[in-house]
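Student: here is a sequence together with a model predicted from it:
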Amino acid sequence: MADTLATLAAAPEAPPAIHKLRYTGAGSKLFGIWISNWFLTIVTLSVYHFWGKTKIRRYFHENVLFQEEPFAYLGTGRELFISALKFFAIFVLPLGLVLIAVTFLFQNKTVLIVVPIFYAVVFYCLKLYAQLSGMRYRANRMSWRGIRFALKVRKSEYLKLLITIFVLNLVTLGLYRPYGEYRMLNLLLNNLAYGNQHFTYQGDKRELTSRYWLNWLLVPFTLGLSLMWYRARLQRHIAKSTRLGAMEFRYNITGGQLFWLSFSNALMVLFSFGLLGAYALQRRLQLFIDTLKIRNLPDFKAIKKAEKSADDQGGAADYLGADEDFGF
Amino acid sequence: MLTAAESNGHFLDGETPNPIPVRISLLETSLRIVNLGTQKSLTWDFASIDWEHSRPLNGHLRLKHKDGDHWLVATAPALVAEIETERKHWLKRHFWSARPDAKLALQACLATVLLFGGLWLGWPVLTKPVARIIPQTTRDNLASAAQGMMGMSDACYSPAGDAALQRLTQRLTVKRPDLRRIKVIAVESNMVNALTLANDSILVTSAILQQADSPDELAGVLAHEFGHVAHQHVLRGFIGQATVGVMLSLVTGAHGTEIEYINRFAGTAHTRAFEAEADQTGIVLLRDARISSHGLAAFFGRMAKMEGVSTRFTKYFATHPPTAEREQLMQQTDIAGATPAMDLRDWRAIKEMCKDNKKDAGETRIGPSYRREEPADDPVNETPEAAEPEIIMPDPEPAPDVMPDDEMAPEEPTMPPADPDKPRDL
């Protein structure tokens, strides 16, 4: 009995299980989708791109496996198209008509200067709204094992924070940026959920500030490339500070890897006139998957479908070019 | 033992992420799903499956129900193959009803292509009445903006030169009194060009005046520009381009870059048509004025040498028809009874216009407020260097007041230039 107890006491603690994502996509197939999208988008005066974009998103989601189960993308081109049409009819067209009417009715220099500025501000704010709307849409249309993700950030809260960060960055000549990023991560990641299980972000902003300021000082000497190393640090920080229940993340990307990826992708896209854009995206995704490690699993039995969240449509973000998912 | 049409798989109920082991049976056009734990069963008809999200993936067949996030995953290759075969047959019979998203894509794309195709092809006709109602102030503003952009705001002026240009205008419009409103203005510029503005003014640059070898050459150049005025090419081009461009950018939103290039490329077909039409009208005006078109041919000949050879491919990207072809057209046009476009005094006065201007550079600026001063009764006599006329002006036959409509617009042109503000140049 004593031996058994001694054996149990001496037994080393089992290391946490490490899990990885797996990508099963093929560059040639993605290239085929990319080229057909490109052609159809041009032939249809860009209308097809709603469906083309959905195809690319679907391809990427379905080819990323976790626990041998693929993610699913449930968005449709129809949703993007119809919501873009609504956005066009409700905002763009009336604003455009008023702008034209004002320009022709008041041939006054002050009006001709003030009105475009007013419009630029309105569209900037609309773009910020649309950006969040696009993120919420994409999160809501992503699922794994039949359970959807959700981003439950209120638009007013997001807009307020974005404008605050924008102003403070401006005033401090960019020195505020790591604080701003910390606050934004806090807002977004703590409101991200898989079913009813919330992600939690508990980052230490000091991890970001010192590295950022060092790289910020080097910007004039490195033509801004030093910020690539900050970006790598930021991404590692995000992974390290985020959890889903017992699930932890580690992202081992380095500044050098990120620099080489960005540099080589830019060359590839430039010299192929954009035709190899699909490969560039795939390389980015592949690097993410290769360097992400997941420790432990959440208690799947405790996870349930979430209450229905706000049903955002991604059309406005798409229309305004505020969708920044796969860079499509 | 399970048959090929029956095998195990798993079911995701959309309530929890825990797969439920099930037995799946294929029954013609439906699937029977039995929970291996509870033995409860349900049936999915093919019509209830969301086929736009269902597909084979990594050897498995993943099927999603239309109502909610229920997924059925068939893993056995034999069953997957059986369902796939049935699925293909079924989808052939229910092609559009099973693909509402693709159906909308087709409808939206077709509607857009038809709308813009129609607009693109039809606007040269649609813009004709619109161009007529554009107020003079707007035309002047557009002309002024174009002049500013081209850096052609310094007018050359001399009473004798101006009067000579007016006389040439009178002669070229002998059978087109409606074109006598045209103001021909010489401007200081190194660019060898003549161009029409939205307010029906025509700018001829000091460089083209210097390079022109004969009065007939200048007359030919002006006749071509008068052709643009006769057909309102500048305004129609501006209206058409602006309408299509704005509508396209509104529809495409942030995705219009490639489309903008295509619009520009496609627009060159219309500018080539406009240029050809202006050439044809120019020939009519030269014929009416009994001025040889060979002068214009000589001008095109010089231009063609400067441009080099245009290939079959590059000519589709050009805004103008191939210059060599234009030269040939002018060369082959035979104008009976042609006489020189002006006498030597007038020709000298025009040649000297911009030389005099250099002394007063910047004093005379043209724009919307510019109005040509009425020439003196006999400006030639006021010219210090007036010489004996060596060329006798012809006496054109009296002409009807207005040209028949079919001659004014021999054929329908098509779309306009790339830049809405860009004036119609030679």
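Tutor: Cool, got the structure.
Student: residues near the residue of the stretch 51-200 of chain B at minimum distance from chain A, how many?
Tutor: Nearest residue of the stretch 51-200 of chain B to chain A, counting by Cβ to the nearest Cβ: residue B:109, 3.9 Å away. Where C-beta positions appear, they are placed from N, C-alpha and C, glycine not excepted. Residue neighbour count, defined by other Cβ atoms under 10 Å in any protein chain shown, stands at 21 for residue B:109.
Student: can you tell me the SS state at it?
Tutor: helix (DSSP: H, G, I helix; E, B strand; the rest coil).
Student: does it touch residue A:50 like I think?
Tutor: No: at 9.8 Å, residue B:109 does not count as touching residue A:50 under the criterion of Cβ atoms under 8 Å.
Student: check contacts around residue B:297.
Tutor: Shown in contact with residue B:297 (Cβ atoms under 8 Å, 6 or more residues apart in numbering or on different chains): B:220, B:327-328, B:330-331.
Student: now the closest residue to residue B:96 other than its chain neighbours: how far from residue B:97?
Tutor: Excluding its sequence neighbours, the residue lying closest to residue B:96 (Cβ to Cβ, 6 or more residues apart in numbering or on different chains) is residue B:103, at 4.9 Å. With distances taken as Cβ to Cβ, to the nearest Å, residue B:103 is found 8 Å from residue B:97.
Student: any common contacting residues for these two?
Tutor: If you check residue B:103 and residue B:97 against Cβ under 8 Å, 6+ apart, no residue is contacted by both.
Student: neighbour-wise, which of those two wins?
Tutor: residue B:103 (14 against 11).
Student: how about low-confidence regions in chain B?
Tutor: For chain B, the stretches flagged by pLDDT under 70 are B:1-4, B:254-256, B:258, B:308-313, B:356-426.
Student: close to chain A: what parts of it are there?
Tutor: Within chain B, the positions near chain A by Cβ under 8 Å from any Cβ of the partner chain are B:12-19, B:52-53, B:55, B:57-58, B:62, B:64, B:69-71, B:100-102, B:104-105, B:108-109, B:112-113, B:116, B:248, B:250-256, B:258-259, B:262.
Student: redo that, cut-off 7 Å
Tutor: B:12-19, B:52-53, B:57-58, B:69-71, B:101, B:104-105, B:108-109, B:112-113, B:116, B:248, B:250-256, B:258-259, B:262 (Cβ under 7 Å from any Cβ of the partner chain).
Student: could you check the pLDDT of the residue of chain A at minimum distance from chain B?
Tutor: Closest approach between chain A and chain B, counting by Cβ to the nearest Cβ: residue A:321, at 2.8 Å. At residue A:321 the predicted local confidence, pLDDT, stands at 71.
Student: so it, which of the three states?
Tutor: Classified using three-state DSSP, residue A:321 is coil.
Student: could you measure from it over to residue B:161?
Tutor: 53 Å.
Student: more neighbours, the two?
Tutor: residue B:161 (27 against 14).
Student: for whatever helix or strand the more buried one lives in, buried residues please.
Tutor: In this structure, residue B:161 sits in helix B:159-172 according to DSSP states H and E. Neighbour counts using 16 or more other Cβ atoms under 10 Å in any protein chain shown place B:159-169, B:171-172 of helix B:159-172 among the buried residues.
Student: go on, stretch A:273-281?
Tutor: In stretch A:273-281, counting by 16+ other Cβ under 10 Å, buried: A:276-281.
Student: how far off centre is the helix holding residue B:161?
Tutor: Relative to the centre of its chain, helix B:159-172 is centred 33 Å away, using Cα atoms, centre = their mean, to the nearest Å.
Student: what segments of chain B are helices?
Tutor: Here chain B has its helices, by DSSP state H, at B:77-93, B:100-132, B:136-150, B:159-172, B:206-211, B:215-230, B:233-252, B:257-289, B:294-307, B:323-332, B:344-359, B:379-382, B:405-408.
Student: of the contacts of residue B:297 - the most surrounded one?
Tutor: residue B:220 (31 neighbours).
Student: neighbours of the spatially closest residue to it that is not a sequence neighbour, how many?
Tutor: Nearest residue to residue B:220 in three dimensions, chain neighbours excluded: residue B:296, at 2.5 Å (Cβ to Cβ, 6+ apart). With neighbours defined by other Cβ under 10 Å, the count for residue B:296 comes to 30.
Student: equivalent analysis for residue A:31, please.
Tutor: Residue A:31 is flanked by 16 other residues according to other Cβ under 10 Å.
Student: and it, what is it in contact with?
Tutor: A:278-279 (Cβ atoms under 7 Å, 6 or more residues apart in numbering or on different chains).
Student: give me the element it is part of.
Tutor: Using DSSP H and E, residue A:31 falls within helix A:27-43.
Student: which other helices and strands does the helix or strand that that helix is followed by contact?
Tutor: Under the assignment DSSP H and E, the closest C-terminal helix or strand after helix A:27-43 is helix A:49-62. Other helices and strands packing on helix A:49-62, by 3 or more Cβ pairs under 7 Å, 6 or more residues apart in numbering or on different chains; DSSP states H and E, are helix A:27-43, strand A:69-73, helix A:77-87.
Student: could I get these as a markdown table with mean pLDDT?
Tutor: Shown next, in a markdown table, are the helices and strands packed on helix A:49-62 (pLDDT from 0 to 100):
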| stretch | mean pLDDT |
| --- | --- |
| helix A:27-43 | 90 |
| strand A:69-73 | 94 |
| helix A:77-87 | 89 |
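Student: residue B:352: which of these is closest?
Tutor: Residue B:352 lies closest, by Cβ to Cβ, to one member of those: helix A:27-43, at 53.4 Å.
Student: C-alpha coordinates for the closest one, CSV please?
Tutor: Presented in CSV, the C-alpha positions along helix A:27-43 are these (Å, rounded to 0.1, in the frame of the first residue of the first chain):
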residue,chain,number,x,y,z
GLY,A,27,-2.9,25.5,-53.7
SER,A,28,-4.0,24.4,-57.2
LYS,A,29,-7.6,24.1,-56.3
LEU,A,30,-7.5,27.5,-54.5
PHE,A,31,-5.8,29.0,-57.5
GLY,A,32,-8.7,27.7,-59.7
ILE,A,33,-11.2,29.3,-57.5
TRP,A,34,-9.2,32.5,-57.4
ILE,A,35,-8.8,32.8,-61.2
SER,A,36,-12.5,32.0,-61.9
ASN,A,37,-13.5,34.6,-59.2
TRP,A,38,-11.2,37.1,-60.8
PHE,A,39,-12.6,36.5,-64.3
LEU,A,40,-16.3,36.4,-63.3
THR,A,41,-15.8,39.5,-61.1
ILE,A,42,-14.6,41.5,-64.1
VAL,A,43,-17.1,40.1,-66.5
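Student: now do that helix against helix A:49-62, angle only.
Tutor: 170 degrees (axes from the mean of the first three to the mean of the last three Cα atoms, to 10 degrees).
Student: tell me how far helix A:27-43 lies from the chain's centre.
Tutor: Offset of helix A:27-43 from its chain centre (Cα atoms, centre = their mean): 22 Å.
Student: so what touches stretch A:77-86?
Tutor: A:50-51, A:53-54, A:313-316, A:318-319, B:101, B:104-105, B:108, B:253.
Student: and the strands in chain A, which stretches?
Tutor: A:18-19, A:21-23, A:64-66, A:69-73, A:142-144, A:147-151, A:192-194, A:197-201, A:242-244, A:247-251, A:292-295 (DSSP state E).
Student: the third one near chain B at all?
Tutor: No: shown here: strand A:64-66 not in contact with chain B (Cβ under 7 Å from any Cβ), separated by at least 7.6 Å.
Student: so what does that strand touch, helix or strand wise?
Tutor: strand A:21-23.
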